[in-house]
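S.K.: sequence unavailable; structure follows:
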C-alpha cells in the first residue's frame, strides 16, 4: 500500500526529492533492491548530494554484494560532504571490513574530530570494532572510550 501511494505522489510531483528518497527506502524494505538502486541513481543524477543519499545507496549496493561500487558511492559522497562525521564513520567501518586498516583509521580520526559523540552509533553499526586494538588506541590517545 505504501508503494502505491508513494508512486502516486511521484506521478504528481516527479522531482520531489523526499518522495524519491521515500520510494527508494520502500522498495528496499520490500526486497526490490534493483528498483531501489535505479531510484537512488536518479536522485544523484538530479544533483541531490545529501550524505544520507550516499550512505543509503552504498548500503543497498553492499546488500547486493557490489562492494566496489558501494565504496565508490561512499567516496563520491565524502567528496560532496567532507565534513559529514557519518560519512567518515561509514567509510571507516567498511574499510575495516575490507582489511584496509590504515586508510580506515584516517577516516576514523577525522570522524572523531568532526563529532566524537557519533562514535556510539558507529559502534552499534560495527560492534566488532569496539574491541579493535587500533581503534582503542586512537580513542585512548584522545581520552575517549568505545
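M.R.: Arrived safely, thanks for sending. Fair warning: this is a prediction, and the values are worked out from it, not measured in the lab. Numbers count the residues shown, from 1 in each chain.

S.K.: from here on, contacts and neighbour counts on C-alpha atoms
M.R.: OK.

S.K.: in the protein, which residue is most central in space?
M.R.: Centroid-nearest residue in the chain, with CA atoms, centre = their mean: residue 55, separated by 2.0 Å.

S.K.: what helices or strands is the strand or helix carrying that one leaning on?
M.R.: Element membership for residue 55 (DSSP states H and E) is helix 51-63. With contacts defined as 3 or more CA pairs under 8 Å, 6 or more residues apart in numbering; DSSP states H and E, helix 51-63 has these neighbours: helix 33-45, helix 67-80, helix 85-97.

S.K.: does the residue nearest to the centre of the chain touch residue 85 like I think?
M.R.: No: between residue 55 and residue 85 there is no contact under CA atoms under 8 Å: 11.7 Å.

S.K.: just give the nearest non-adjacent residue to residue 44, would you?
M.R.: residue 53 (7.7 Å; CA to CA, 6 or more residues apart in numbering).

S.K.: just the pLDDT for that neighbour.
M.R.: For residue 53, the model assigns a pLDDT of 95.

S.K.: how near is it to residue 41?
M.R.: Separation of residue 53 from residue 41 (CA to CA, to the nearest Å): 10 Å.

S.K.: tally of neighbours for residue 84?
M.R.: Neighbour count of residue 84, defined by other CA atoms under 10 Å: 18.

S.K.: my error: substitute residue 141 in the last question.
M.R.: Neighbour tally, residue 141, other CA under 10 Å: 10.

S.K.: and what of residue 56?
M.R.: Applying other CA under 10 Å, I find that residue 56 has 20 neighbouring residues.

S.K.: do residue 143 as well
M.R.: Residue 143, neighbours per other CA under 10 Å, totals 8.

S.K.: and it, what pLDDT?
M.R.: For residue 143, the pLDDT comes out at 93.
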